[in-house]
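Peer 1: Predicted model and sequence below, questions to follow.
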Amino acid sequence: MENPSIRRSLTPRLNKYIQHKPWPKQAAFLLLPNREAFYGGAGGGGKSDAGLMGALQYADIPGYNALMLRRTYPELVQPEGLLTRSHEWLDNTDAEWHAGLWSWIFPSGARLRFGHMANEADKRKYQGGAYQYIFFDELTAFLETQYRYLFGWLRKLKGINIPLRMRSGSNPGGIGHEWVKDRFVDPGDPKRPFIPALISDNPALDQKEYEISLAEMTPTMRERILNGNWDAMEEGNAFKREWFLNCYVDLVPENTQKVRTWDTATTAKTSADYTAGGLHCRNGEDMIVEDMIRGQWEYPTVRAMIIDTAKKDGFYIPIGIEGGGPQNGFVQDVQNELEKFGYTVVNTAGPGDKFNKSLPVQNKAKTGHLFLKRAGWNRNYIDELCMFRGDGKTHDDQIDTSSAAFKMLFQPEPEPVALGIFGGI
């Protein structure tokens, strides 16, 4: 005979504001006790409904506050958007909509607020709040800095018997694809559970008609939206994935010529740009990428990282940093600091577009002369190269470091234009 206490424990907390019984994947999402969880995968998998259900679970308890976010306002109010869906569910209940507050207020005094963060600075609009539930709809549209900032306002007063929950849902793709995949999908971290969902997990959806519509998408986008495939990548027109099948080395030969080249994000953490720093080696006609540092950091952190990395690499390794435009002041500042320690710093800026600058690296890869030291960064590096088009619409931070390194290693100028050559050893 079934134990009633077990049956109750497997039933999520529901109330009159939740307008339909959750489907199995939605119920699993609502039952998670973790502070952080992610519901993602295919389009039509019911993630927005799951997020709204989660927001309403404790609307009958005084002191409860929930926040639901999309990147832009039009996304909130589009058909089946979060705000639109909330009106479908709550207009005929005792909850009251307060347009000026962008909030539903319930008889208990609980509140459900809606918001957006189109720009990086918009995250500060929520500073000082106290939310027990925060839901990011289409998390891959957000920057990681926006997501992590909101943890500062996930809190409650003592005595309120409500769990603190940071929840999100998304399809693959978008500017945040990489960091979301790295945080939730790949690690399989039980502290950050990932509930994958397909269109078959949403019985309310007309699945046949939706599949007909998806057939018109590009193969990569169809694979992402139909099957929730986080590994489906748009192939670029520069590098081919088969060029990297046998590109790995475990050891870098001794006495190779080395350079560390940096491509710094022009707007630090206010966009999807990354800062990347690659350690490249020349071994005859082979170029080996020995190490790659990549991330989104504010300028003070980037400055410290370049300097600390130079110390770890050693004085004998020249440093290339692309100067010019809005980065001149930053590059000059780093140069002045490195000057104190006697490093060679070369300005890798030069004429030409990114695609043409990458042609020599493309040729190295195509002819089997580009190698990677086996490490955790390899896949991300290869993915970037294979999606690269040179049109500014795909990430190019790591390929830029390799293009600059090729110039320094294989095409040295007789007298290179330098930010500073200060007695490098």
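Peer 2: That came through fine. Numbering: from 1, shown residues only.
Peer 1: can you give me the helices for the stretch 301-425 of the chain?
Peer 2: Under the criterion DSSP state H, counting those that start in this stretch, the stretch 301-425 of the chain contains helices at 328-339, 354-366, 378-387, 397-410.
Peer 1: in the second one, what's buried?
Peer 2: Going by neighbour count (16 or more other Cβ atoms under 10 Å), the buried part of helix 354-366 is Lys354, Phe355, Lys357, Ser358, Pro360, Val361, Gln362, Lys364, Ala365. Using the backbone N, CA and C atoms, a C-beta is placed for each residue, glycine as well.
Peer 1: Spatially nearest residue to the first one (excluding sequence neighbours)?
Peer 2: Counting by Cβ to Cβ, 6 or more residues apart in numbering, Lys354 lies nearest to Gly390, which is 4.7 Å off, once chain neighbours are set aside.
Peer 1: Tell me the spacing between the one you found and Leu338.
Peer 2: Using Cβ to Cβ, to the nearest Å, Gly390 is found at 30 Å from Leu338.
Peer 1: These two: who's more crowded?
Peer 2: Leu338 (22 against 18; other Cβ atoms under 10 Å).
Peer 1: Any idea how many residues pack against the nearest residue to Asn227 once chain neighbours are set aside?
Peer 2: In this structure, Asn227 finds its nearest non-sequential neighbour in Ala42, 6.1 Å apart by Cβ to Cβ, 6+ apart. Ala42 has 25 neighbouring residues, counting by other Cβ under 10 Å.
Peer 1: Pull up the gap between Ala42 and Gly284, please.
Peer 2: Ala42 is 48 Å from Gly284, by Cβ to Cβ.
Peer 1: ok, now Phe136?
Peer 2: From Phe136 to Gly284 the distance is 49 Å (Cβ to Cβ).
Peer 1: ok, the two, which is more surrounded?
Peer 2: Set side by side, Phe136 and Gly284 show more neighbours around Phe136, with 26 against 8, by other Cβ under 10 Å.
Peer 1: Ramachandran angles for that one?
Peer 2: Here is the backbone geometry of Phe136 (degrees, to the nearest 10): phi -100, psi 110.
Peer 1: Setting the sequence-adjacent residues aside, check what's closest to it.
Peer 2: Ser168 (4.0 Å).
Peer 1: Could you list everything that neighbour pairs with in the sheet?
Peer 2: Beta bridges link Ser168 to Phe38, Phe136, judged by DSSP bridges.
Peer 1: going forward can the numbers begin at 44, since that is how I track them
Peer 2: Taking 44 as the first residue, the last one we looked at is Ser211.
Peer 1: correct me, but it touches Phe178?
Peer 2: Yes - using Cβ atoms under 8 Å, Ser211 is in contact with Phe178, at 6.5 Å.
Peer 1: intersection of neighbour lists for these two?
Peer 2: Taking Cβ atoms under 8 Å, 6 or more residues apart in numbering as the criterion, Ser211 and Phe178 both touch Gly94.
Peer 1: Can you give me the neighbour number for the residue nearest to Gly86 when sequence neighbours are not counted?
Peer 2: Nearest residue to Gly86, sequence neighbours excluded (Cβ to Cβ, 6+ apart): Ile268, at 4.1 Å. Using other Cβ under 10 Å, Ile268 has 23 other residues around it.
Peer 1: ok, now the one 4 residues further on?
Peer 2: Asn272 is surrounded by 15 other residues when neighbours are defined as other Cβ under 10 Å.
Peer 1: just checking, it touches His220?
Peer 2: No - Asn272 is not in contact with His220 according to Cβ under 8 Å; the separation is 11.5 Å.
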